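J.: predicted model and sequence below, questions to follow.
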Amino acid sequence: MRALMRRWYSVLHGERWFPHVPLALALAIGGVLLLRLDFGADWRTYLYGMLDGHFAVRPQRLPGLLIGGGMLIMAGGLLSRSRLAWSMALLFALTGVTSLLLGQARSHMLLAYFVVMLLALFIAWRQFDRSSVAASTLFAVTSVVMLLMYATFGAYYLGGDFDPPITDLVSALYYAMVTMSTVGFGDITPQTSETKLFTISVIVLGVAVFATSLTAVIAPMVSNSLKRIVTQKGTRMKREDHFVVIGSGSLAINTARELARRGNKVTRLLRAPPEDSDSREMDIVIGDPSSTEVLREAGADRAEAVLAMLVDDSENAFVILAVKELGGTARTVAAVNDARHLSRVKLAQPDVVISPQVLGGELTAMLLSGEEVTPDFVMKHVFQRKDEAAGV
């Protein structure tokens, strides 16, 4: 069943649209359903009126309006596989579940819909791995602005239940900023259960949104800086028509060294900085080999060939799939370290499968048994091309 699913995934070009497109549509539909539940068919009127400065919305309906609107915005972010958009979509879906459980408008069908969406987001978290500074900054600003709107308008609507009462938007904005930042001067205090619960929600959401936003914006900047520091001693070259060798094992090291010795341009892709002195003189990229962003940085889409030579065979298969997702004309080579994984790696359809370690036991047995070892036998069992593998 898994092999059949992978085959259909490849036939339908699932790497281009699954699972981010279905999840984005599901999140947008969930936002619309939540808005219709709270406001009926006229939810657009309330949303546009709020954006224009007409605040004719009851406090009880304000959370649903902001949660539904946030889902519509974050649906666009899921289309770009943004990690921050995934985090905020998870937060909005969880908040939607809480709103349906505690709010006046309840729908068991919509509650089940959001629970299923939460599970789907959790399952697909590995697919949302893009964390550019521009995208992270955009969604961080959007999240902070929406939270600020929720806190300001909520304080303004509930102003009569504070001491002293909040009677203008400036005072509401002041209270929102003081509460969101957890400063709490104490000059304005909630007096009723409703305002106390509202203040608690602002504090919890403020800490979550600020922590997520700062992490999402700062992490790519720090990561890029560390990569530049780590690779600044390496040889810089134009990454085009070159060989990308992935892995830190002996097979990857020797392959990269022999390719370079023959005058080829070589880029090594590693998870951690290399320890051998020869590799430090090569062009090096540090990062997750199965990430399309890291592979694009290594020039895998413009390479002559990409060689996946990691110790873990499943990671080699994922690297081949990620390279195919990038497009380009690079040939793909996958190393297999365990004979039991040979058929599974072939499902990724690399151009060449290299299995020198798999052959070791068979060669040893043949030599000790006095059988003849021919060059054709070695080449056939060590290097298996895709057309040959298809006939196996």
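T.: Thanks, I have it.

J.: going forward, measure contacts between C-alpha atoms and count neighbours the same way
T.: Will do.

J.: tell me the domain ranges of the protein?
T.: Per automatic domain parsing, the domain ranges recorded for the chain read 12-229, 243-390.

J.: how far off centre is the first one?
T.: Yep, that's domain 12-229 we're talking about. Domain 12-229 sits 19 Å away from the centroid of its parent chain (Cα atoms, centre = their mean, to the nearest Å).

J.: quick check: mean pLDDT across that domain?
T.: The pLDDT scores in domain 12-229 average 79.

J.: closest to Arg6 out of the domains of the chain?
T.: The minimum distance between Arg6 and the domains of the chain falls on domain 243-390, with 7.7 Å, by Cα to Cα.

J.: quick one: contacts for Met67?
T.: Quick fix: residue 67 is Ile, not Met. Shown in contact with Ile67 (Cα atoms under 8 Å, 6 or more residues apart in numbering): Gly31, Phe92, Thr95, Gly96.

J.: at 7 Å instead, please
T.: Phe92, Gly96 (Cα atoms under 7 Å, 6 or more residues apart in numbering).

J.: that one should be in a helix, yeah?
T.: Yes. The assignment for Ile67 by DSSP: H, G, I helix; E, B strand; the rest coil puts it in a helix.

J.: turn the domains of the chain into CSV, including distance to Arg2.
T.: Shown next, in CSV, are the domains of the chain (distance: least, Cα to Cα, whole Å):
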stretch, distance to Arg2
domain 12-229, 14
domain 243-390, 10
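
J.: among those, which comes closest to Met1?
T.: Comparing those by Cα to Cα, domain 243-390 comes nearest, at 12.7 Å.

J.: so how far is the closest one off the chain centroid?
T.: 25 Å.

J.: what residues of the one helix or strand Ile29 maps to count as buried?
T.: In this assignment (DSSP states H and E), Ile29 forms part of helix 20-39. Within helix 20-39, the residues that count as buried by 16 or more other Cα atoms under 10 Å are 20-21, 23-39.

J.: same check on stretch 308-318?
T.: Here stretch 308-318 shows Ala308, Met309, Leu310, Val311, Asp313, Glu315, Asn316, Ala317, Phe318 as buried, counting by 16+ other Cα under 10 Å.

J.: contacting residues for Leu72?
T.: Counting by Cα under 7 Å, 6+ apart, Leu72 touches Ala28, Gly31.

J.: I should have written Leu270 there, sorry.
T.: Listed by Cα under 7 Å, 6+ apart, the contact set of Leu270 reads Ile246, Gly247, Ser248, Val285, Ile286, Gly287.

J.: and the fifth one, how many neighbours does it have?
T.: A total of 21 residues lie near Ile286 under the criterion other Cα atoms under 10 Å.

J.: and the third one, by the same measure?
T.: Ser248 is surrounded by 22 other residues when neighbours are defined as other Cα under 10 Å.

J.: ok, the one 3 residues further on next?
T.: By the other Cα under 10 Å criterion, the neighbourhood of Leu251 contains 17 residues.

J.: what does the one 10 residues further on give?
T.: Residues within reach of Arg261, counting by other Cα under 10 Å, total 11.

J.: equivalent analysis for Phe198, please.
T.: The burial count assigned to Phe198 is 17, neighbours taken as other Cα under 10 Å.

J.: now name the helix or strand holding it.
T.: Here Phe198 is assigned to helix 193-231, by DSSP H and E.

J.: low-confidence ranges, the stretch 251-392 of the chain, go.
T.: 276-281, 357-361, 373, 375-392 (pLDDT under 70).

J.: what is the nearest of the contacts of Leu270 to Gly77?
T.: Gly77 has its nearest neighbour among those in Gly287, at 23.3 Å by Cα to Cα.

J.: how far away is that closest one from Ala348?
T.: Gly287 is 22 Å from Ala348, where distance means Cα to Cα, to the nearest Å.

J.: give me the more crowded residue out of the two.
T.: When Gly287 and Ala348 are compared for neighbours, Ala348 comes out ahead with 22 against 19, by other Cα under 10 Å.

J.: you'd agree that one is up against Val319?
T.: No. Using Cα atoms under 7 Å as the test, Ala348 is too far from Val319 to be in contact (9.1 Å).

J.: secondary structure class for Asp288?
T.: Going by three-state DSSP: Asp288 is coil.

J.: right, and it touches Ala272 too?
T.: No. If you go by Cα under 7 Å, Asp288 and Ala272 don't touch, sitting 9.4 Å apart.
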